[in-house]
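In: Sequence first, predicted coordinates after that:
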Amino acid sequence: MKDRVYLLHILESIDLVEEYMRGKSKEDLEENQELQDAIIRRITVIGEAVKNISEELKKANTTIPWTNIAGTRDILVHKYFGVDLNMLWIVINEKLPDLKRKIRSIVQGL
């Protein structure tokens, strides 16, 4: 099932963001362009994977804000020079952990 592959890409990217941020503060993120670039890349991968997940799976899992996730990817790709680091911090610390739990649950059910 191709959805499983995309879901695993999402989990891998979240794991990498967690690894990149381990022991790092918001200030570290703000001061480190390489770190920002790496995380933005991973969020882009997540957004691209979401865009490829079947409508059937999305409709069966409405607690995940699929459109918002894809939209975040679009904002980061198309407005790269205007990335809001506060928004990025919220995504890293609030949105990704919740998404990870939900995606893991879906994968376990496949």
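Out: On my side now, so go ahead.

In: low-confidence ranges in the protein?
Out: Residues of the chain meeting the criterion pLDDT under 70: 73-74, 76-82.

In: where along it do the helices fall?
Out: Taking DSSP state H, the helices of the chain run over residues 2-21, 26-31, 33-52, 55-60, 66-78, 85-90, 96-109.

In: Mind putting those into CSV with mean neighbour count?
Out: For every residue, glycine as well, the C-beta is placed using N, CA and C. Below are these laid out as CSV (neighbours: other CB atoms under 10 Å):
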stretch, mean neighbour count
helix 2-21, 17
helix 26-31, 13
helix 33-52, 18
helix 55-60, 11
helix 66-78, 16
helix 85-90, 14
helix 96-109, 15
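
In: ok, now which ones touch I10?
Out: By CB atoms under 8 Å, 6 or more residues apart in numbering, the contact set of I10 is V45, I46, A49, V50, L99, I103.

In: 6 Å - rerun?
Out: Shown in contact with I10 (CB atoms under 6 Å, 6 or more residues apart in numbering): I46, A49, I103.

In: surely the last one meets L8?
Out: No. Taking contact to mean CB atoms under 6 Å, the distance of 8.8 Å between I103 and L8 leaves them out of contact.

In: and which of the contacts of I10 is nearest to D84?
Out: In terms of CB to CB, no member of the contacts of I10 lies closer to D84 than I46, at 17.1 Å.

In: Look up how far T63 lies from the closest one.
Out: Look at I46 and T63: by CB to CB, to the nearest Å, they are 17 Å apart.

In: what does E12 give?
Out: 21 Å.

In: Please apply the same query to E48.
Out: Distance from E48 to T63, by CB to CB: 21 Å.

In: what do you get for M87?
Out: Plainly put, M87 is 21 Å away from T63 if you go by CB to CB.

In: just Q33 next, same as before
Out: 34 Å.
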